[in-house]
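Participant: need a structure here:
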Amino acid sequence: MPILGGTFEGSRLKGRVVPGGADWQLIHDDGFTELDSRYALETETGDVIAVRNAGIRRAEPEVMKRLLAGETVDPALVYFKTSPTFETAAAGLTWLTQSVFVGVGERQPLAVVIRFWRIA
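Facilitator: The predicted model follows:
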């Protein structure tokens with residue numbers, strides 16, 4: 001699935017999702033999904049961050065059927081977790097490359113929202 005763009009914002013940086021990334025999905029017969037997303041972020045100051053975000057998504061079969069059909073589904077019914085890694089040459093962003101993060105995703109009919117947390 002192509003990643004067409006978007007925005008990101010956190011306590012330490014914000015910017016845009018650069019169009020041109022992709023989200024590869026292996027969807028099993030029961031709807032269990034293995035995810036491998038690769039895309040770039042550009043901060044407001046012009047720094048570029050490469051992201052590789054691997055994860056899984058699962059729910060009860062009826063919920064997965066609705067989700068995969070593009071319906072709105074209560075995010076509490078879906079287990080959607082990721083483990084992103086970041087690469088950047090920006091000296092001020094080395095904390096991204098030297099930290100472990102977890103992500104929690106939410107698939108909406110026309111977008112995906114992922115919230116990342118840095119593990120202290």
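
Participant: and for stretch 7-15, what are the contacting residues?
Facilitator: The set of residues that contact stretch 7-15 without belonging to it, under C-beta atoms under 8 Å, 6 or more residues apart in numbering, is 16, 17, 41, 42, 43, 44, 93, 95, 116. From N, CA and C alone the C-beta is placed, and that goes for glycine too.

Participant: typo on my end, it should be stretch 28-40
Facilitator: Where contact means C-beta under 8 Å, 6+ apart, the residues beyond stretch 28-40 that reach it are 3, 17-18, 20-27, 48-59, 61, 64-65, 67-68, 82.

Participant: Of those residues, keep whichever come out buried.
Facilitator: The neighbour-count test (16 or more other C-beta atoms under 10 Å) applied to these identifies 3, 17-18, 21, 49-51, 53, 55, 57-59, 64, 67-68, 82 as buried.

Participant: What strands line up against the helix or strand hosting residue 117, and which way round?
Facilitator: In this assignment (DSSP states H and E), residue 117 forms part of strand 111-119. Paired strands of strand 111-119, with direction, are strand 100-108 (antiparallel) (DSSP bridges).

Participant: Give me the angle between the lengthiest strand in the chain and strand 111-119.
Facilitator: Here the longest strand in the chain is taken by residue count, with DSSP state E as the criterion, and it is strand 14-27. Comparing the axes of strand 14-27 and strand 111-119 via axes from the mean of the first three to the mean of the last three C-alpha atoms, to 10 degrees yields an angle of 110 degrees.

Participant: Just checking: what are the partner strands of whichever helix or strand comes after strand 14-27?
Facilitator: For strand 14-27, the succeeding helix or strand toward the C-terminus, using DSSP H and E, is strand 33-43. Within its sheet, and counting by DSSP bridges, strand 33-43 is paired with strand 14-27 (antiparallel), strand 48-58 (antiparallel).
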